[in-house]
Structures are given as structure tokens and as C-alpha cells.
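Engineer: 3D, please:
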Amino acid sequence: MVVVFAMVGLIGSWLMIFNFCFPLKYRDEILAAGKTYSVDPVLIAAIINAESSFNKDKVSPKHAVGLMQLLPTTAKSMAEDEEIDLFNPETNIRLGVKYLAYLIKKFGDIDTALFAYN
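Structural biologist: Take a look at the predicted model:
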């Protein structure tokens with residue numbers, strides 16, 4: 001019983017820190033993608049912050065698009081047959097996290113995956 005309360009306290013603390021550090025417009029999308037692809041939502045938010053400063057309309061000089069700065073060719077490879085709109089936050093986050101999860105699996109560690117993502 002004490003362990004359960006301790007776990008609830010830790011999870012609650014983590015969520016308070018997460019919400020304080022990242023008062024997110026796209027919180028639900030980040031949490032959903034993180035859960036679907038087993039990627040830490042704090043890492044996802046940090047990538048979005050670094051890549052686009054949470055600007056869903058950002059396009060880089062290299063033509064990377066949206067919150068997670070996906071190249072259209074990379075997004076298409078992650079989307080399979082679905083139509084994609086990389087300016088749509090849910091789509092961009094979902095495909096970006098799917099790509100990140102693929103890189104983590106491919107390289108076996110987060111650090112290398114992050115280098116490859118960038």
C-alpha cells in the first residue's frame with residue numbers, strides 16, 4: 001500500500017515538473033504519441049522546443065516542416081499510405097515521434113538516435 005502511494009506521488013511530481021517546464025499547447029498530442037511509440041514525452045517536448053520553438057508553421061531553409069521539423073520525404077516514409085499535412089500539429093508530432101522511435105530502435109540508444117534525427 002505504501003509503495004502504491006509512493007508511486008502515485010512520484011508520478012504526480014513528474015507531471016507537475018512536466019507542466020511547469022513545458023506549459024504546452026500540444027500536451028495531449030505529445031502524451032499520446034509518447035505512449036503510442038514508448039518515447040518519453042519530456043524528450044518529445046524538448047525536441048519540439050529545440051527544432052521549432054513550438055511554432056507549428058515553421059519551415060527551415062532545408063524545407064523541414066512544422067513542430068518536429070520533418071522533411072516531407074521522411075514523413076511520407078513514416079506515414080505509409082495516409083495523406084499527410086505536416087502543418088497539422090497532431091500529424092507532425094505523431095510522425096516525428098514514430099521516426100524518433102524508429103531511430104532509437106535502429107541505433108539502440110537515444111543519444112545516437114538524437115544525432116541522427118537532427
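Engineer: Give me the distance between residue 99 and residue 56.
Structural biologist: 17 Å (C-beta to C-beta, to the nearest Å). Just so you know, the C-beta spots here come from the backbone N, C-alpha and C atoms, and that holds for glycine as well.
Engineer: what about the strands in the protein?
Structural biologist: Counting by DSSP state E, the chain forms no strands at all.
Engineer: how about the helices in it?
Structural biologist: 2-21, 27-37, 41-52, 72-79, 89-107, 110-117 (DSSP state H).
Engineer: Looking at residue 99 and residue 56, which is more packed in?
Structural biologist: The residue with more neighbours, out of residue 99 and residue 56, is residue 99; 21 against 18, by other C-beta atoms under 10 Å.
Engineer: where does the more buried one land on pLDDT?
Structural biologist: Residue 99 carries a pLDDT value of 98.
Engineer: Mean pLDDT per helix and strand in the protein: which one sits at the bottom?
Structural biologist: Least confident helix or strand of the chain, by mean pLDDT, DSSP states H and E, is helix 2-21 with a mean of 60.
Engineer: check contacts around the closest residue to residue 52 other than its chain neighbours.
Structural biologist: Excluding the flanking residues, the one nearest residue 52 by C-beta to C-beta, 6 or more residues apart in numbering is residue 58, at 4.3 Å. For residue 58, the contact set (C-beta atoms under 8 Å, 6 or more residues apart in numbering) comprises 51-52, 65-67, 69.
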